[in-house]
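Chemist: Mind looking at a prediction? Sequence and model below.
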Amino acid sequence: MPAPLKLLAVVETAYRATLEEQDDPVLWLTQVLRNNGADIHVLLRGNAVNYGVRGQDASGLRFGEVAQTNPPNIERDIGGLLAKGSSVFVVSDDVKARGIDSDEILGGLRAVTQADLPELFGGYDQIWHW
């Protein structure tokens, strides 16, 4: 039996569908795949580096009289991926460009620079860009 493919999910669009759902669909899919044996990892870049910021709380989100009763908990989702053995990378250049201090970033995330990406990508069989 051949070895499973090593996959990297590149998340660049932040908060996709998190108003309608309790999870980011890409992080949810990544966790489902990981839970079923896929060797899948995550790279946060662009606006999605905001997912790596500690202490976000979307509870209390309302649109007029309509409350989001099951808000996303991105920190929990990323923590779940890390606990299952996925590597979660964050592009430090994008973090800096958004004025995020390095001490605000969740523990366990691995910082890479834009210049590191070709080598990082070379370590994976497939790159999925979202």
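Modeler: Sure, I can see it.
Chemist: can you give me the helices for this structure?
Modeler: Shown for the chain, the helices assigned by DSSP state H span residues 25-35, 74-83, 92-97, 117-122.
Chemist: quick check: angle from the longest one to helix 74-83?
Modeler: Which is helix 25-35. Inter-element angle recorded for helix 25-35 and helix 74-83: 30 degrees (by axes from the mean of the first three to the mean of the last three Cα atoms, to 10 degrees).
Chemist: For helix 25-35, buried residues please.
Modeler: Buried residues in helix 25-35, counted by 16 or more other Cβ atoms under 10 Å: 26, 27, 29, 30, 31, 34. No exception for glycine: its C-beta is placed from N, CA and C like everyone else's.
Chemist: Which strands or helices does it pack on?
Modeler: Counting contacts by 3 or more Cβ pairs under 8 Å, 6 or more residues apart in numbering; DSSP states H and E, helix 25-35 packs against strand 6-11, strand 39-44, helix 74-83.
Chemist: at 10 Å what do you get?
Modeler: If contacts are counted by 3 or more Cβ pairs under 10 Å, 6 or more residues apart in numbering; DSSP states H and E, helix 25-35 sits against strand 6-11, strand 39-44, helix 74-83, strand 126-129.
Chemist: Where does the prediction get shaky in this protein?
Modeler: Applying pLDDT under 70 to the chain picks out residues 1, 18-22.
Chemist: The residue nearest the centre of the chain: what's it in contact with?
Modeler: With distances taken as Cα atoms, centre = their mean, residue 44 lies nearest the centre of the chain, 5.3 Å away. Residue 44 makes contact with 9-12, 14, 27, 50-52, 78, 88-91, 94-95, 105, 109, 112, according to Cβ atoms under 10 Å, 6 or more residues apart in numbering.
Chemist: Can you get me a residue count around the nearest residue to it once chain neighbours are set aside?
Modeler: Distances taken as Cβ to Cβ, 6 or more residues apart in numbering place residue 90 nearest to residue 44, at 4.7 Å, with adjacent residues excluded. Using other Cβ atoms under 10 Å, residue 90 has 26 neighbouring residues.
Chemist: Next up, the contacts around residue 90.
Modeler: Residue 90 neighbours (Cβ under 10 Å, 6+ apart): 42-45, 48-53, 78, 100, 102, 105-106, 109-112.
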